[in-house]
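Undergrad: predicted model and sequence below, questions to follow.
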Amino acid sequence: MDWLSVTENAAKCQRNWTDEPVKEEDIELIIKACTNMPTRKNIIDYELFAFTDKEHIKHIFSIAQDDLDFSLSNRAKYHNGQMMAPLVLIWGRTDIVDQYLISDYTEGYADNENTNNDREVDYRSPEQDGTSVTTQSMHVGISSSAAAIVAQSLGYQTGFCGCVLNDEMLLFLKQFSNNVKEFSVALGVGKGRPGVPRNYVFENDEHVYTNSVFGRKTITTYRI
Ligand SMILES: Cc1cc2nc3c(=O)[nH]c(=O)nc-3n(C[C@H](O)[C@H](O)[C@H](O)COP(=O)(O)O)c2cc1C
């Protein structure tokens, strides 16, 4: 696998899509891989929603604008096309801190991995745990980055979206979960329209918006 290209592509934002669905086994793999990713003290403070239903995705697309963009009439057509993907993954913050404490660790995975035997579940508020929103964001960041990398490695394109109408998104997610407290981030996954630049946004097969694109960034790195 050419991991450099995979990560370079994951850094870009695909904003238009073909109708080709993401294969069921690929969806399962992406979900499994990204929810495997580590969290501080193994706490669980987010949930993942995976949408493939077209009506739900249409709704997500319609609320994928931040409040400011929405209020500016000259940007009324601005849309996060990445949210029209055949698979839309949404990470939502929860308050529940659920932790798997393993008492019989040997090496690598504990013997009771994947079983509920000896599982001590401790429900605490984030405040009691000292868990901050920053830590929670890290958990979502680590998980969503794994999702993008795995999806790219399977031959799909991806696009992140952090700007949504937050109240409406929360209301939408609450249909599916009582635990979700806040929208964190979303990732569109699918195949981009062939021969079409990634930043073209389509609605009903019509090119409605051209997003800006960004170049490669350089993060200062110290090799010591
Ligand atoms: C956490 C996160 C949130 C993002 N939210 C948005 C967003 O709300 N709207 C948007 O247009 N792009 C969003 N992006 C996409 C980035 O802007 C994009 O990856 C970057 O612009 C480089 O890709 P590009 O050259 O294809 O634009 C987000 C990316 C990340 C990692």
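TA: Received, thanks.
Undergrad: list the buried residues of the top helix by length along the chain.
TA: Longest helix of the chain, by residue count under DSSP state H: helix 133-153. Buried residues in helix 133-153, counted by 16 or more other CB atoms under 10 Å: 135-136, 139-140, 143-153. C-betas here are computed from N, CA, C, even on glycine.
Undergrad: need the residues of this structure near the ligand, please.
TA: 11-13, 80, 160-163, 185, 198, 211, 213-214 (CB under 6 Å from any ligand atom).
Undergrad: let's see that with 8 Å instead.
TA: 11-15, 64, 66, 80, 82, 141, 144, 159-164, 185, 198-199, 211-215 (CB under 8 Å from any ligand atom).
Undergrad: show me where the protein has helices.
TA: Under DSSP H, the chain gives helices at 3-10, 24-35, 54-62, 67-71, 126-129, 133-153, 166-174.
Undergrad: same list (the ones you listed) but as TSV, adding mean pLDDT.
TA: Listed next are the helices of the chain as TSV, based on pLDDT from 0 to 100:
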stretch	mean pLDDT
helix 3-10	97
helix 24-35	98
helix 54-62	95
helix 67-71	58
helix 126-129	62
helix 133-153	93
helix 166-174	96
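Undergrad: quick one on the thing from earlier: may I see the PyMOL selection of the buried members of the residues of the chain next to the ligand?
TA: A single PyMOL command selects the buried members of the residues of the chain next to the ligand (16+ other CB under 10 Å):
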select buried, resi 12+13+14+15+64+80+82+144+159+160+161+163+164+185+198+199+211
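Undergrad: looking at the residues of the chain next to the ligand, which are in strands?
TA: Among these, the ones falling in strands (DSSP state E) are 159-161, 185.
Undergrad: of all these, which comes closest to residue 39?
TA: Distance ranking of those against residue 39, using CB to CB, places residue 185 first at 15.2 Å.
Undergrad: list the contacts for the closest one?
TA: 90-91, 140-141, 144, 160-162 (CB atoms under 8 Å, 6 or more residues apart in numbering).
Undergrad: the closest residue to residue 19 other than its chain neighbours - how many residues pack around it?
TA: Spatial nearest neighbour of residue 19, excluding adjacent residues (CB to CB, 6 or more residues apart in numbering): residue 86 at 7.0 Å. Residues contacting residue 86 under the criterion other CB atoms under 10 Å number 20.
Undergrad: surely residue 86 and residue 22 touch.
TA: Yes - checked against CB atoms under 8 Å, the pair residue 86 and residue 22 is within contact range at 5.5 Å.
Undergrad: joint contacts of those two?
TA: 52, 189-190.
Undergrad: of the residues you listed, which is the most crowded?
TA: residue 189 (28 neighbours).
Undergrad: what's the end-to-end length of stretch 149-167?
TA: 29 Å (CA to CA, to the nearest Å).
Undergrad: out of the shared contacts of residue 86 and residue 22, which one sits closest to residue 174?
TA: residue 52 (19.7 Å).
Undergrad: next one: the closest one from residue 221, what distance?
TA: 38 Å (CB to CB, to the nearest Å).
Undergrad: mind listing what residue 4 touches?
TA: With CB under 8 Å, 6+ apart, residue 4 has no contacts at all.
Undergrad: let me fix that: residue 58
TA: Counting by CB under 8 Å, 6+ apart, residue 58 has contacts residue 84.
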